[in-house]
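Q: The following comprises the amino acid sequence and a computationally predicted model.
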Amino acid sequence: MKPSLFFVLSAVLCFALVSALSAQQATPPKHVEVPTIEARSIDVSTIDGVMKAFYEVISGPVGQPRQWSRDRTLYIPDIRFVAMSEDKDGKAKAHVVTHQQFVDMADPQMVKEGFYETELNRVTQSFGHIAHVFSTYETRAKAGGPVSGRGINSVGLFYDGKRWWIASVCWDDERPDNPILPDYLPKQ
């Protein structure tokens, strides 16, 4: 069975994190510069806008650079991404990276292989100026191609009176022992 692109990206991310945190690397990963730009009002004025942009910026065909500078405008300055996985014994592992570390690790594979992540369903809870989104996704190597993986992005946001900011992002992949529950899938 061919592993899903998302599984491969998660494995690459995990390997890169372990390598970076252990002994000094002989050759550091290629650094993909993320310039600073102003956020698009349409991207940050609503939760819908933020989530639409969240998926658009990383999706694209083979050879197309991702929209990392636009992506950067969605997050607080010191955002950390947390990718969950399991070790060979089934023990949970959290892989924590900065935005730049994620870009440096994910960009080469996404551009080389193509990567599309789309939202299937969203469960949003809010209180005052904060919100939490459980966003169920599926991944593909090319638009309209076969699904290579599914999972849930857990996104914490806040509204500062002018715009929405993503304060945290965690995700976990669907696995045989970790199926997506019906509450997080589109209603039939």
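A: Structure received.
Q: now stretch 125-137: how far from the chain's centre is it?
A: Taking C-alpha atoms, centre = their mean, to the nearest Å, one finds the center of stretch 125-137 at 16 Å from the center of the full chain.
Q: So that it lines up with my notes, have the first residue be 3 from now on.
A: Yes, from this point I'll number from 3; that puts the last item at stretch 127-139.
Q: Contacts for it, please.
A: 49, 53, 56-57, 119-126, 152-163, 166, 182, 186-187 (C-beta atoms under 8 Å, 6 or more residues apart in numbering). C-betas here are computed from N, CA, C, even on glycine.
Q: Same check on stretch 170-182?
A: If you take C-beta under 8 Å, 6+ apart as the criterion, stretch 170-182 is touched by 8-9, 12, 77, 81-88, 92, 138, 151-158.
Q: Emit the PyMOL select command for whichever of the contacts of stretch 127-139 are buried.
A: This is the PyMOL syntax for the buried subset of those, where burial follows 16 or more other C-beta atoms under 10 Å:
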select buried, resi 49+53+56+119+121+124+152+153+154+155+157+159+160+161+166+182+186
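Q: Show me the shaky parts of the protein.
A: Within the chain, the segments meeting pLDDT under 70 span 3-38.
Q: ranges for the strands of it?
A: 82-88, 94-100, 118-129, 132-142, 149-161, 166-175 (DSSP state E).
Q: mind checking how far the first one is from the chain centre?
A: Spelled out, it's strand 82-88. 10 Å.
Q: do the same with the second one
A: The chain centroid and the centroid of strand 94-100 are separated by 12 Å, computed with C-alpha atoms, centre = their mean.
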